[in-house]
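Enquirer: From the sequence below, what's the structure:
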Amino acid sequence: MNTLVAYFSASGVTAKVAAKLAKALGAELYEIKPQQPYTQADLDWRDKTSRSSLEMNDESCRPAITDSSAGVAGADVVFIGFPIWWYREPSIIDTFLDAYNFKGKTVVPFATSGSSDIGDTAAHMQSVAGKGVKVLEGRRFASGVSEDELQKWAKTLEI
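Expert: Numbers count the residues shown, from 1 in each chain. Next up is the predicted model:
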């Protein structure tokens, strides 16, 4: 089974977890990069006019990504990591889901957050990915999760 770990990281936390997961699974690692990088001001969830707040309030928002070279076509399973924003995946993840054909693949969300849970992320990602894609529930992890814990979690998944 070919596995890809793709991730978006605003502060570096998700990047570290994604690297551990890819290593634990022997998977290819791919960073989803925004064409316009996020600044600290963009990420201020308390500011209703910040970029992230505006994006999350617009269901149709699809922030541009830098490229479309992720190894999705060759993967059977794609783990997609991100920080939790407003109890779901950031809009840039929806851009990623729209940019590739996931039909026949299993998508496994994983998220990082200090306290927010993963919410209805799987259902939302399923609606974006469309029919023929199996999106699992996924899980939220703290920044200090071990490679061993990630490997154990991945083995419990019904892929």
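
Enquirer: Nearest residue to D67 in space, ignoring adjacent ones along the chain?
Expert: K33 (7.5 Å; C-beta to C-beta, 6 or more residues apart in numbering). For glycine as for every other residue, the C-beta is placed from the backbone atoms N, C-alpha and C.

Enquirer: thinking the one you found is in contact with S69, fair?
Expert: No. With contact defined as C-beta atoms under 8 Å, K33 does not reach S69; the gap is 10.7 Å.

Enquirer: Distance check, the residue nearest to D67 against G26.
Expert: Using C-beta to C-beta, to the nearest Å, we find K33 at a distance of 23 Å from G26.

Enquirer: Of K33 and S69, which one has the most company?
Expert: K33 (13 against 7; other C-beta atoms under 10 Å).

Enquirer: got a list of what the more buried one touches?
Expert: Counting by C-beta atoms under 8 Å, 6 or more residues apart in numbering, K33 makes contact with 8, 65-67.

Enquirer: nearest to K48, of the residues you listed?
Expert: For the contacts of K33, the closest approach to K48 (C-beta to C-beta) belongs to F8, at 22.1 Å.

Enquirer: Not counting sequence-adjacent ones, nearest residue to that closest one?
Expert: F8's closest residue in space is I32 (C-beta to C-beta, 6+ apart), at 4.2 Å.
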